[in-house]
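**Q** all I have is the shape, not the residue letters:
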Ligand code: MF3
Ligand code: CO
């Protein structure tokens, strides 16, 4: 989602350092989620945990009240693509849940997401998670000076849609990030190489593939937020905060601590595609 302001803002080194602190606080919060997540928990419990963790770290949950969004996290289970409201429904073995969260720390935004597996998930779901995560890194590889937004977009679409036949959501896109949650430019997960704004050093963007196992078509529920796949098949969402650099993008958020907690939590299936 985004709110354009018509101008691309570049950050100073000092501002990038502050943005890294904000991004890492989100990573740390998602790590707390990864430590406790298991079948039987509700996403409302996770919302409370995240809200308290962020406040304990002198930050503000940025989604809460953003355009009227009523919670700290977006918790999107199975066929919910993004913007799922936390609720009292117990998570169950085989579910996949994307937790998306933002903070404001010292005036700067961090905003990222991770999709978790609850217990033993299906092979198809595991593959969708793996390919979507891989596509995020393929996009990040293109996030360097003198490339264009379309190079990132194409890399994501190529890996997910062209190579694996998944549906790339068109209605929602990644975005610039800074003092605002949504800055220019838009970062679609589909597009043409060589198209779009040229990337310059110290532009910070949130790259966030939202990838459906089936068709790309989605709809928004009556609550005005919850986005679901039309065909009811699952969807996966990963998001990183990334700073454009000359030879290699600087990833501000940190999946390594989330992945470590995921591996150590026996209730989460962090295993690769093939499960015996
Ligand atoms: N990460 C999402 C985005 O960038 C979620 C924000 S929606 C909100 O668009 F309203 F909850 F903030
Ligand atoms: Co975002």
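**A** Great, that's in hand. All of these numbers come straight from a predicted model, not from anything done at the bench. Ligands and ions are numbered 1, 2, ... in the order given.

**Q** what segments of the stretch 151-276 of the chain are strands?
**A** Applying DSSP state E, counting those that start in this stretch to the stretch 151-276 of the chain gives strands spanning 167-168, 174-176, 183-187, 204-207, 210-212, 218-220, 227-229, 235-237, 240-243, 250-251.

**Q** quick one: closest of these to ligand 2.
**A** Ligand 2 sits nearest to strand 204-207 of all these, at 4.1 Å, using C-beta to the ion. The way it works is simple: take the backbone N, C-alpha and C, and place the C-beta from them, glycine included.

**Q** for that closest one, packing partners?
**A** On a contact count with 3 or more C-beta pairs under 8 Å, 6 or more residues apart in numbering; DSSP states H and E, strand 204-207 meets helix 123-141, strand 174-176, strand 183-187, strand 240-243.

**Q** need the residues of the stretch 151-276 of the chain near ligand 2, please.
**A** Neighbours of ligand 2 within the stretch 151-276 of the chain, by C-beta under 5 Å from the ion: residue 206.

**Q** so which of the helices and strands packed on strand 204-207 comes closest to residue 16?
**A** Residue 16 sits nearest to strand 240-243 of all the helices and strands packed on strand 204-207, at 5.3 Å, using C-beta to C-beta.

**Q** redo the strands of the stretch 151-276 of the chain as TSV? Include mean neighbour count and mean pLDDT.
**A** Formatted as TSV, these follow (neighbours: other C-beta atoms under 10 Å; pLDDT from 0 to 100):
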stretch	mean neighbour count	mean pLDDT
strand 167-168	22	98
strand 174-176	26	98
strand 183-187	22	97
strand 204-207	27	98
strand 210-212	29	98
strand 218-220	15	98
strand 227-229	22	98
strand 235-237	28	98
strand 240-243	26	98
strand 250-251	18	98
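
**Q** for the ones you listed, give me a markdown table that also has distance to residue 70.
**A** Below are the strands of the stretch 151-276 of the chain laid out as a markdown table (distance: least, C-beta to C-beta, whole Å):
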| stretch | distance to residue 70 |
| --- | --- |
| strand 167-168 | 28 |
| strand 174-176 | 21 |
| strand 183-187 | 23 |
| strand 204-207 | 21 |
| strand 210-212 | 21 |
| strand 218-220 | 15 |
| strand 227-229 | 16 |
| strand 235-237 | 19 |
| strand 240-243 | 24 |
| strand 250-251 | 30 |
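
**Q** give me the longest helix you can find in the chain.
**A** helix 13-36 (DSSP state H).

**Q** list the buried residues of that helix.
**A** 15-16, 18-35 (16 or more other C-beta atoms under 10 Å).

**Q** who in this structure is up against ligand 1?
**A** Contact residues, the chain versus ligand 1 (C-beta under 6 Å from any ligand atom): 1, 63, 66-67, 69, 74, 83, 100, 111, 113, 175, 206, 239.

**Q** among these, which lie within helices?
**A** Using DSSP H, no member of the residues of the chain next to ligand 1 sits in helices.

**Q** drop anything exposed from those.
**A** 1, 63, 69, 74, 83, 100, 111, 113, 175, 206, 239.

**Q** just give me the least confident of the residues you listed.
**A** Across the set of those, residue 1 stands lowest in pLDDT, at 53.

**Q** quick one: the nearest residue in space to residue 101 that is not next to it in sequence from residue 219, how far?
**A** Nearest non-adjacent residue to residue 101, counting by C-beta to C-beta, 6 or more residues apart in numbering: residue 73, 4.7 Å away. Separation of residue 73 from residue 219 (C-beta to C-beta, to the nearest Å) stands at 22 Å.
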